[in-house]
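Engineer: Predicted model follows, preceded by the sequence.
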Amino acid sequence: MLKGMTFMDRPRIIIFDTTLRDGEQSPGCSMNAQEKLRLAQQLDRLGVDVIEAGFPVASDGDFEAVKRIASSVRRPIIAGLARASIGDVDRAWQALQGAAHPRIHIFLATSDIHLKYKLRITREQCLQQARDAVRYAKTLCADVEFSPEDATRTHVPFLCQVVEAVIEAGATTVNIPDTVGYSTPDEFGQLIRILHEKVNGIDKVVISTHCHNDLGLAVANSLAGVQNGARQVECTINGIGERAGNASLEEIVMAMRVRSDRYGYDTAVASEHLYAASQMLADITRVPVQPNKAIIGRNAFAHEAGIHQDGMLKNPLTYEIMTPQSVGVPDSRLVLGKHSGRHALALRCEQLGHQFERRELDEIYRRFVILADRIKKVQDSHLLELIQDVSSGMISNSEMSGGLKRKFQPATASIPLPRAASAAAGVSSSVANGSGGPAQVTIPFTDHHAEQEDYLWGV
Ligand SMILES: [Zn+2]
C-alpha cells in the first residue's frame, strides 16, 4: 500500500468479466443459456462489477442467455456486445432492457489493416460510424461503452480522434483492446497515458483495458494500463478467451491485493470465491485448468520439495505469499470420509463451485455416505463425479417438466475415456456406474459457433 494511504483510500478498479462473451468464443468453451446463467450467478457472488453476458446478435442462443441473465442477476452491470450498426445495437438492447443496470458495448476496428482488409472503409467513415453508433445507443441506454478494436495497432493520432469523438457522442466507458495480444507493458501503459494527455473530455469517462495473452503479457499489460490511469480491467476466469486467452481475472485481482505496496488499487472481488468460480467454469466447459496455473491451479499451493515442506511446516511465510484460504482453495487437510457431516459436505461442494438446495443436498449426501462406506476417503474428483451424476439426473427431470430448455439440440461426441483417467483430469462423466475399465462416455456440447462464424472476431 502506498505510504499514508488507508485501505479505504485506495481507488477501486472496475472488474469487467467477459468470460461469458470473449471467453465463450474460445474453442471448446461454448456454454448453453442455463450454464451461462449458473456462471453469471457465481460471478455475482464473486463481486465482479460488470458481467459481459454475450453478443446478442450472434445467435438466438446468445440472445436468450443475455436476456435471462439480465432479468435474474440484478446487482452487477450486465453488458451486451454489438457491432457499430443500428441492427446490432437494437438487438443488444432488446436482450438487455430488462436488466437493473444495462450497458451496451459497441466495437469497431480502427487500425488501418482492419479498415482496409476487413471493413473496407476509410478512416473518415470509421470515425462517422463510431460516432453514429454511440449516439444511437445513447438514445436507448445511459451506459454505453465503446471499443476501438485493434487499438494497439491503430495510428495513435487517429485513435485519439476516435476516442474524442465517441466521448462527445456520449460514451461513458472507452475500452482500449490489445485485440491481437501484440503490445508490451511499457508500450501499453504509454498508450493509456497518451490518451489521458491528448484527448479532450477523457476525464469524464472510464478508460478500460482488454488485453489478450498471445505473448503471455495480458496481465502485465492490464496492470501497466491501470498504473497509467485505466480504471476498468476486462478479464476472464481462468484466462479463457480467443486464441491464447484474455487477462486472467484471478491473477489481476490477487496481484493488486498481494502487492498492494506496488499497486495502490483494489477491487470489490471476494477473492475467497475465486477457486469455486474457476472450478465451476472448468466443470461446465470440461476444459481443465493447467496444474501450474497461477492462483487457482492444482499445484499453485502444493509444496513437494523436501526443503520447501520443511520450511512450510516451520512457518508458511517461508514459501507462501498468500494463503490457499484467501482464494478459496479447500483445505487439503480436511479429508472427507463417512464420518463427515452434511455441513462439511455442503462446504466442500461450495468450494468446488456447487451450491445446492436442501433437496439436492439430501440426495448428494445419501450417495456420498454409500460411497464413503466403500472407498473410505472421498477425493474432490469423486465428489465432482457424484455431483455431476446427481445434477444431470435433476436437470433432465426439470427439462421434462417444462423447465429450462436448451435452445439447440446438443451435438454429441463419443470419446472412449477410462473413468479413472477422466477423474484424474478433473473431468466429470455422466456414466452412472463405472466398472473401472474404459467406458464410452458421451459428452454433450452445444455448438452454436457453426452458425455464428461471421462473429468469431470481436475485441
Ligand atoms: Zn477479446
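Structural biologist: Structure's in. What do you need?

Engineer: can you pull out the strands in the stretch 201-350 of the chain?
Structural biologist: Here the stretch 201-350 of the chain has its strands, by DSSP state E, counting those that start in this stretch, at 206-211, 232-235.

Engineer: so where is the stretch 301-450 of the chain shaky, pLDDT-wise?
Structural biologist: 303-309, 312-313, 331-335, 394-450 (pLDDT under 70).

Engineer: mind redoing it with 90?
Structural biologist: Residues of the stretch 301-450 of the chain meeting the criterion pLDDT under 90: 301-320, 324, 329-359, 369, 372-385, 387-450.

Engineer: could you pull out the helices for the stretch 201-350 of the chain?
Structural biologist: 218-227, 249-258, 274-285, 306-314, 342-351 (DSSP state H, counting those that start in this stretch).

Engineer: Tabulate these (TSV), appending distance to residue 298 and mean neighbour count.
Structural biologist: Where C-beta positions appear, they are placed from N, C-alpha and C, glycine not excepted. Formatted as TSV, the helices of the stretch 201-350 of the chain follow (distance: least, CB to CB, whole Å; neighbours: other CB atoms under 10 Å):
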stretch	distance to residue 298	mean neighbour count
helix 218-227	20	25
helix 249-258	14	23
helix 274-285	11	23
helix 306-314	16	12
helix 342-351	14	16
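
Engineer: circling back to that earlier point, most packed of the strands of the stretch 201-350 of the chain?
Structural biologist: Greatest average neighbour count among the strands of the stretch 201-350 of the chain goes to strand 232-235 (a mean of 29), per mean count of other CB atoms under 10 Å.

Engineer: Keeping just the C-alphas, turn that one into CSV.
Structural biologist: C-alpha atoms of strand 232-235 as CSV (Å, rounded to 0.1, in the frame of the first residue of the first chain):
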residue,chain,number,x,y,z
GLN,A,232,-11.6,-0.8,-15.6
VAL,A,233,-10.0,-4.1,-16.5
GLU,A,234,-11.6,-6.6,-18.8
CYS,A,235,-10.7,-10.2,-17.9
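
Engineer: Quick one: list the elements packing against that strand.
Structural biologist: With contacts defined as 3 or more CB pairs under 8 Å, 6 or more residues apart in numbering; DSSP states H and E, the packing partners of strand 232-235 are strand 14-17, strand 173-178, strand 206-211, helix 218-227, helix 249-258.

Engineer: Now the element after the second one, going C-ward?
Structural biologist: Scanning the chain past strand 173-178 towards its C-terminal end, the next helix or strand to appear is helix 185-198 (assignment: DSSP states H and E).

Engineer: what's the angle from that following helix to helix 218-227?
Structural biologist: Put simply, helix 185-198 runs at 30 degrees to helix 218-227, going by axes from the mean of the first three to the mean of the last three CA atoms, to 10 degrees.

Engineer: from memory residue 298 sits against residue 289, does it?
Structural biologist: Yes. At 7.2 Å, residue 298 counts as touching residue 289 under the criterion of CB atoms under 8 Å.

Engineer: Which one of these two is surrounded by more residues?
Structural biologist: residue 289 (21 against 15; other CB atoms under 10 Å).

Engineer: How much space separates that one from the ion?
Structural biologist: Separation of residue 289 from the ion (CB to the ion, to the nearest Å) stands at 20 Å.

Engineer: give me every residue that touches that residue.
Structural biologist: 238, 278, 282, 296, 297, 298, 426 (CB atoms under 8 Å, 6 or more residues apart in numbering).

Engineer: Any idea which of the residues you listed the model trusts least?
Structural biologist: Within the contacts of residue 289, pLDDT reaches its minimum at residue 426, with 36.

Engineer: nearest residue to residue 204 other than its sequence neighbours?
Structural biologist: Of all residues not flanking residue 204 in the chain, residue 167 sits nearest, at 6.5 Å (CB to CB, 6 or more residues apart in numbering).

Engineer: Looks like that neighbour contacts residue 203 (just checking).
Structural biologist: No. Counting by CB under 8 Å, residue 167 stays clear of residue 203, with 9.7 Å between them.

Engineer: Give the residue from those two that has the larger number of neighbours.
Structural biologist: residue 167 (20 against 10).

Engineer: pretty sure the more buried one belongs to a helix, no?
Structural biologist: Yes. Assessed by DSSP: H, G, I helix; E, B strand; the rest coil, residue 167 belongs to a helix.

Engineer: Tell me the predicted confidence for it.
Structural biologist: So residue 167 comes in at 98 (pLDDT).

Engineer: hang on, the earlier thing: and the strands of the stretch 201-350 of the chain as JSON lines, adding distance to the ion?
Structural biologist: Below are these laid out as JSON lines (distance: least, CB to the ion, whole Å):
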{"stretch": "strand 206-211", "distance to the ion": "6"}
{"stretch": "strand 232-235", "distance to the ion": "8"}
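
Engineer: what would the ones you listed look like in TSV with distance to residue 110 and mean pLDDT?
Structural biologist: Putting the strands of the stretch 201-350 of the chain into TSV (distance: least, CB to CB, whole Å; pLDDT from 0 to 100) gives the following:
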stretch	distance to residue 110	mean pLDDT
strand 206-211	14	98
strand 232-235	17	98
